[in-house]
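Enquirer: Need a 3D model of the following:
(one chain, ligands or ions: 1)
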Amino acid sequence: MLSAEITKVVSETITAKTAHSPHVATLEEYKKLHASSIDDPESFFRRGYLNASVNCVDRWALKHPEQESDEPGQHVHISYGDMLKQVCMLANVLKSFGVKKGDIVAIYLPMVPEAVYAMLACARIGAIHSFVFAGFSAEALRDRISDANCALVITADQGCRGGKRTPLKKITDKAVAECPSVKNVLVLHRPYCPPEIMYAEDPLFILYMSGSTGKPKGVLHTTAGHLLGAALTADVGWITGHSYTVWGPLVIGSTTLVFESILTYPNPGRYWQMVETHKLTQFYTAPTAIRALRRPGDKHITSHDLNSLRVLGSVGEPINPEAWHWYNDVIGNGKCPIVDTYWQTEAGSIMISPLPGAVLTKPGSATVPFFGFEPKLLDPTTDKELEAKKGESIEGVLYMKTPWPSMARTIYGDHKRYLETYMALYPGYYITGDGAEKDSDDYIWIKGRVDDVINVSGHRLSTAEIESALIAHPRVAESTVIGMSDDVTGQAIFAYVVLKDDSAHAPVAYIHQDDASHADLVKKLSHDLVIQVRSHIGPFASPKRVVFVPYLPKTRSGKIMRRILRKIANGEVGASSDEEIGKLGDLSTLADPSIVATLIRKVHNL
Ligand code: 6R9
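Expert: Residues are numbered from 1 along each chain as shown. From the prediction side, this is the model:
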């Protein structure tokens, strides 16, 4: 009875269609729908009482109990019926430990089915989950547990990624030893667990921000808003993390694939082998992964049948046109729309993106605002809203004018910080922190974080633009540019460059041998790259220094940690001693900390 009531409310609120034919067929239709989402958001996005686990599991377990949620690795297939049992079991265990509505549970699990059950079990009883990546250290876990005062942690004995094992239980023990709030150990029970009725605005989860400096920032999302945001978009295949691996696909009753390993294990064909084996239709990844997959050449792709693919998504940073074309031509075979989705942890769901079938794409542009989003560009010097004259483009700081259902409601335990970070700079607007250009067709091009803009002799240069120019060189796999202080020009461009592993170009290996006899080769390639940027953008954008590195420092979610690159290039960290590395600040989100010493050595010629 209870679940039927809840199901009814939400199935009226959320309408989702399959991706077989575009759910919005033309640009005109999109424009009309988008305008109504801005003019009358109350009726476009209705609210009600619900339970996220009922919407994501019970609804489909009643309708098609045998439909599968597909788990790779050992290819475990999980039906919605099975999932309901597992979720209820775990929910009851949590309850037996005294976890109740509004409590926060830390989940420290790898990408295994239990991670999904745990998120849903929390949602079922109205507890808020705080998912901590299984790659985080004991210290990072401890900080996140204490910030949220969690009474219970769900973990596993060990995680397994790319053949490496991580002793998660041991790490948890270490973290928990310093967390007096944590009281409980888990035991599983079997019976059905009745769902808690949740108000639309009740919290669903908090998620600590990636790559943040200082105290972790727990972004808090609510039940109905998050589900609605995820459901509206999930049918075109944007399936990542919370929104697009769990909530989005499950709330519309589709199949999701949870992948435990890494993209290059045991070889760089791993993703394509999974596409073939599981006949995946939607594939969503980040430009950093696209560039990494392009790096070893196309031989790992052509041996797999990728015909099942219908939509290819990209998220996380601007996609360089070069990587865009490769994704489109080699992976999509020219048949799959490339859906570049711009959004943020705080947004909860996609903010700017083409609707495949309705909106034509331009490589490198995230295109047009999603329903409920009203982007505005403000002049960073005057804080005035920029208005484009017909046929002209404008560039400024990207703000959102209208609030949207899935937006974060607070930073856990620090509402003042939430208001100051996002709402205070320009009252009445939400600041994204990104710079953007709106072209004469009203398409939006994200230029990167405003803090990353480089100012050379008064020219404000976007890092994304210079990086795209560098990656257009046939030898370059990936690059990151940052500003280094310069007596003459204020800032100068410093480029970190990763080269492709291409056997036709053996010198890559030599370059990394740091052998003085190859200095000429390095010099020549650096010179070529400077010319490349000059010809693509202009002389003022020429890198002053080019340093070749084996790879870049990235977070677990693939974000390049520019802070590290900036500090090393600016000489703030001059040696690879522990004390010097300490100056780089919190490195807990870094995927592979050993890169730091390599970078210091390369930049300072040690
Ligand atoms: C979803 C996610 C948010 C920041 C965001 C922006 C960058 C994300 C992008 C993009 C250009 C895209 N970003 N998607 N830039 N084009 N399609 O990545 O969340 O980890 O919070 O990062 O990522 O700079 O402000 P999060």
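
Enquirer: dump the residue contacts of the most centrally placed residue in the chain.
Expert: By Cα atoms, centre = their mean, the chain has its centre lying nearest to Gly316, at 4.7 Å. Counting by Cβ atoms under 8 Å, 6 or more residues apart in numbering, Gly316 touches 286-288, 557-559. Any C-beta I mention is one placed from the backbone N, CA and C, and that applies to glycine too.

Enquirer: can you give me the helices for the stretch 151-300 of the chain?
Expert: 168-176, 223-234, 248-251, 270-278, 287-294, 299-302 (DSSP state H, counting those that start in this stretch).

Enquirer: So which of the ones you listed is nearest the ligand?
Expert: Nearest of the helices of the stretch 151-300 of the chain to the ligand, taken as Cβ to the nearest ligand atom: helix 287-294 at 7.9 Å.

Enquirer: Would you mind listing what in the protein touches the ligand?
Expert: 210, 315-318, 340-345, 366, 432-434, 446, 449, 557, 559 (Cβ under 6 Å from any ligand atom).

Enquirer: Repeat the analysis, applying 5 Å as the threshold.
Expert: Residues of the chain found near the ligand (Cβ under 5 Å from any ligand atom) are 210, 315-318, 340, 342-345, 366, 434, 446.

Enquirer: Nearest to Arg409 among the residues you listed?
Expert: Thr345 (13.0 Å; Cβ to Cβ).

Enquirer: For the closest one, give me the pLDDT.
Expert: Listed pLDDT for Thr345 reads 88.

Enquirer: dump the residue contacts of the nearest residue to it once chain neighbours are set aside.
Expert: Counting by Cβ to Cβ, 6 or more residues apart in numbering, Thr345 lies nearest to Val219, which is 5.3 Å off, once chain neighbours are set aside. By Cβ under 8 Å, 6+ apart, Val219 lies in contact with 206-209, 345-346, 408, 411-412.

Enquirer: now swap in Thr381 and tell me
Expert: Under the criterion of Cβ under 8 Å, 6+ apart, the contact list for Thr381 is empty.

Enquirer: Phi first, then psi, for it.
Expert: Dihedral angles of Thr381 (phi, psi; degrees, to the nearest 10) stand at phi -90, psi -40.

Enquirer: And the strands in the stretch 151-300 of the chain?
Expert: 152-155, 159-161, 164-166, 198-199, 203-208, 218-222, 282-285 (DSSP state E, counting those that start in this stretch).

Enquirer: of all those strands, which lies closest to Lys376?
Expert: Nearest to Lys376, of those and by Cβ to Cβ, is strand 218-222 at 22.1 Å.

Enquirer: what's the distance between the closest one and the middle of its chain?
Expert: 16 Å (Cα atoms, centre = their mean, to the nearest Å).

Enquirer: Show me what stretch 345-352 is in contact with.
Expert: 207, 209-210, 219, 221, 225-226, 229-230, 232-233, 238, 243, 248, 341-344, 366-370, 373, 375, 400, 404, 406-408, 422, 432, 444, 446.

Enquirer: Can I get the buried part of those as one ChimeraX selection?
Expert: Buried members of the contacts of stretch 345-352, defined by 16 or more other Cβ atoms under 10 Å, are picked up in ChimeraX with:
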select :207,210,219,221,225,226,229,230,232,233,238,243,248,341,342,343,344,366,367,368,369,370,373,375,400,404,406,407,408,422,432,444,446
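
Enquirer: about what we covered before: the helices of the stretch 151-300 of the chain: lowest mean pLDDT?
Expert: Note on these: lowest mean pLDDT is at helix 223-234, with a mean of 68.

Enquirer: follow-up on the earlier one: with distance to Pro553 as added columns, please give the helices of the stretch 151-300 of the chain in a markdown table.
Expert: Below are the helices of the stretch 151-300 of the chain laid out as a markdown table (distance: least, Cβ to Cβ, whole Å):
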| stretch | distance to Pro553 |
| --- | --- |
| helix 168-176 | 21 |
| helix 223-234 | 30 |
| helix 248-251 | 30 |
| helix 270-278 | 23 |
| helix 287-294 | 11 |
| helix 299-302 | 25 |
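
Enquirer: Worst mean pLDDT among the strands of the stretch 151-300 of the chain?
Expert: Of all the strands of the stretch 151-300 of the chain, the minimum mean pLDDT falls on strand 159-161 (a mean of 77).

Enquirer: hang on, the earlier thing: for my notes, please list the contacts of Gly316 in JSON lines and give neighbour count for each entry.
Expert: What follows is these, written out as JSON lines (neighbours: other Cβ atoms under 10 Å):
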{"residue": "Ala286", "neighbour count": "19"}
{"residue": "Pro287", "neighbour count": "23"}
{"residue": "Thr288", "neighbour count": "20"}
{"residue": "Ser557", "neighbour count": "18"}
{"residue": "Gly558", "neighbour count": "18"}
{"residue": "Lys559", "neighbour count": "17"}
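
Enquirer: out of the residues you listed, who's nearest Glu465?
Expert: Glu465 lies nearest to Pro287 out of those, by Cβ to Cβ, at 14.2 Å.

Enquirer: Helix, strand, or coil at the nearest residue to that closest one once chain neighbours are set aside?
Expert: Distances taken as Cβ to Cβ, 6+ apart place Ile319 nearest to Pro287, at 4.4 Å, with adjacent residues excluded. Here Ile319 is coil, with the state taken from DSSP: H, G, I helix; E, B strand; the rest coil.

Enquirer: How many neighbouring residues does Ile319 have?
Expert: 26 (other Cβ atoms under 10 Å).

Enquirer: Need the pLDDT of it.
Expert: As summarised for this prediction, Ile319 has a pLDDT of 91.

Enquirer: Quick check: phi and psi at it.
Expert: Per-residue torsions, Ile319: phi -90, psi 130 (degrees, to the nearest 10).

Enquirer: contacting residues for it?
Expert: Going by Cβ under 8 Å, 6+ apart, Ile319 touches 287, 290, 327, 338, 340, 363-364.

Enquirer: Could you list which of the residues you listed belong to strands?
Expert: Members of the contacts of Ile319 lying in strands (criterion: DSSP state E): 338, 340.

Enquirer: Report the lowest-confidence entry in the contacts of Ile319.
Expert: For the contacts of Ile319, the pLDDT minimum is Pro287, 88.

Enquirer: you'd agree it is up against Glu317?
Expert: Yes: with contact defined as Cβ atoms under 8 Å, Pro287 reaches Glu317; the gap is 5.4 Å.

Enquirer: what's the domain layout of this structure?
Expert: Following automatic domain parsing, the chain resolves into domains at 46-259, 450-604.

Enquirer: Which among those is found nearest to Asp379?
Expert: domain 450-604 (11.5 Å).

Enquirer: Looking at the stretch 1-150 of the chain, which residue is nearest the ligand?
Expert: Counting by Cβ to the nearest ligand atom, the stretch 1-150 of the chain gets nearest the ligand through Phe133, at 11.8 Å.

Enquirer: list the contacts for the residue nearest to that residue when sequence neighbours are not counted?
Expert: Computed as Cβ to Cβ, 6+ apart, the closest residue to Phe133 that is not its neighbour in sequence is Arg556, at 4.9 Å. Residues near Arg556 by Cβ under 8 Å, 6+ apart: 133, 135-136, 210, 589, 591.

Enquirer: Do I have it right that Ala436 meets Ile444?
Expert: Yes: counting by Cβ under 8 Å, Ala436 touches Ile444, with 5.4 Å between them.
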